[in-house]
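*Asks:* Okay, here's the prediction I keep looking at, along with the sequence it came from:
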Amino acid sequence: MNRNLTRWVVIVASFIIISLILWNTYVFFQHFKDEERAKMKIWSSAQTEFLESENNPNLDLMLQILNSNTSTPILVMINDTQTVGVINNIDESKTKDSIAVNKLITKFKNENKPIEVFFEGEVYSTIYYGNSPLLNKLKYYPLALLLIIFLFAALAYFFYKSSRTADQNKLWTGMAKETAHQIGTPLSSLVGWTEILRSEQVNPDYLVEIEKDITRLQTITDRFSKIGSVPKLEKLDIVKETLDSYEYLKARSSKLIDFEITAPNDVMFVNLNQQLYSWTIENLVKNAIDAMKGKGQLKLAITNDGKFVKIQVKDTGKGISKQKYNTIFQPGYTSKKRGWGLGLSLAKRIIEDYHNGKIKVLNSEIGKGTTMQISLKLLS
């Protein structure tokens, strides 16, 4: 609660500070623009005085004012002849023809209101002026500021995300290796008890099933021991590996679940870690069974589009709202009263990080069911 409050205080404070900076920049820009206009009015007054400069003792002062502008671009048009009278701080190549002059006039009119120069009671010329280079730089300053803030925020976010991911990885790795260690001791004991039961002439069918489960436990132990290290991928038939995992789960699931599988007879090779992939299928199937509360239809389909093989697991459970399509893959998310919410998160990590594939909610409808899809690149 305190962490969330602190986070919101920082966000609101940052927003207020940024708003104040942008507002002050805007106010300064407008103030600077007003000052430039005041200077242009003085310049236009000097232009008027210069036109009436016959026997005027202030001629030197007027020339000094007219020559003082070294930054603001000015274009003076003589109204009677519609010709260029004065060019100041403008590249002459931009005023070679009437088209170029009209473009400049349009540009300057959009930036500042023109100023008329009167001579003998009539409008003699019109002064068109644009923003000075300094004013133009100031105009783009807020954009540069926002870009810097955005880049800083992105850097902070990625640093926070990578730090959080690293912490999660350490936690998962520690838990997984400890789990593998804890399972290892009773597993060794079960292997020993199996040998004793065999010597006691116990029904061989019982021993076969026990050994299957022992093998399964050894597989699970091996899975957990691989968390935190880069798994070895092999060229394997995805159809066979999927069917093996599916059939094992089918034999040990509720009889109220109607299992159905659609798979091609063709061999489809992909780079695969068999143990981690079977763990993913197990997670998807168990989640589907939980969503159906142990009763319903579960369909698994394997297809390919020439480049990717797609494995779909479809259930008739409670469904997922569209807003949670990505949320369900986040560590800790669970809709069950029990569980740590790591199953789908691990499945995503196995498929996307280790196998360079994709896993997603293909579609879902509340009250009708969900279809999950895994995509893996086919080997030629």
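*Replies:* Cool, the structure landed.
*Asks:* For Asp290, pull up the helix or strand it's in.
*Replies:* Element membership of Asp290, judged by DSSP states H and E, is helix 274-291.
*Asks:* which helices and strands does whatever helix or strand comes next after that helix pack with?
*Replies:* Next in sequence after helix 274-291, counting helices and strands by DSSP H and E, comes strand 296-304. The criterion is 3 or more Cβ pairs under 8 Å, 6 or more residues apart in numbering; DSSP states H and E, and the helices and strands that strand 296-304 contacts are helix 238-251, strand 257-262, helix 274-291, strand 308-315. All C-beta atoms are positioned from the backbone trio N, CA, C, and that covers glycine.
*Asks:* Which one of the ones you listed lies nearest to Leu146?
*Replies:* Of all the helices and strands packed on strand 296-304, the one in closest proximity to Leu146, counting by Cβ to Cβ, is strand 308-315 (40.2 Å).
*Asks:* Can I get that closest one as CSV, trimmed to CA atoms?
*Replies:* As requested, C-alpha coordinates have been extracted for strand 308-315 and formatted as CSV (Å, rounded to 0.1, in the frame of the first residue of the first chain):
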residue,chain,number,x,y,z
PHE,A,308,5.5,-23.0,-38.0
VAL,A,309,3.9,-25.9,-36.2
LYS,A,310,1.0,-24.8,-34.1
ILE,A,311,-0.3,-26.8,-31.0
GLN,A,312,-3.7,-25.7,-29.8
VAL,A,313,-5.3,-26.8,-26.5
LYS,A,314,-9.0,-26.1,-26.3
ASP,A,315,-11.3,-26.5,-23.3
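*Asks:* which residues touch that strand?
*Replies:* Identification of contacts with strand 308-315 by Cβ atoms under 8 Å, 6 or more residues apart in numbering yields 238, 242, 268, 270, 281, 284-285, 288-289, 291-292, 296-304, 362, 369-378.
*Asks:* cool, stretch 29-37 as well?
*Replies:* If you take Cβ under 8 Å, 6+ apart as the criterion, stretch 29-37 is touched by 72, 112-113, 131-132, 134-135, 138-139.
*Asks:* Pull out the buried members of those residues.
*Replies:* Among the contacts of stretch 29-37, those that count as buried by neighbour count (16 or more other Cβ atoms under 10 Å) are 72, 112, 131-132, 135, 138-139.
*Asks:* of all these, which comes closest to Glu195?
*Replies:* Lys139 (84.7 Å).
*Asks:* who's in contact with the closest one?
*Replies:* Contacts were defined as Cβ under 8 Å, 6+ apart; by that measure Lys139 touches 29, 131.
*Asks:* For Gly85, find the nearest of the helices and strands packed on strand 296-304.
*Replies:* Nearest to Gly85 among these is strand 308-315 (71.1 Å), distances taken as Cβ to Cβ.
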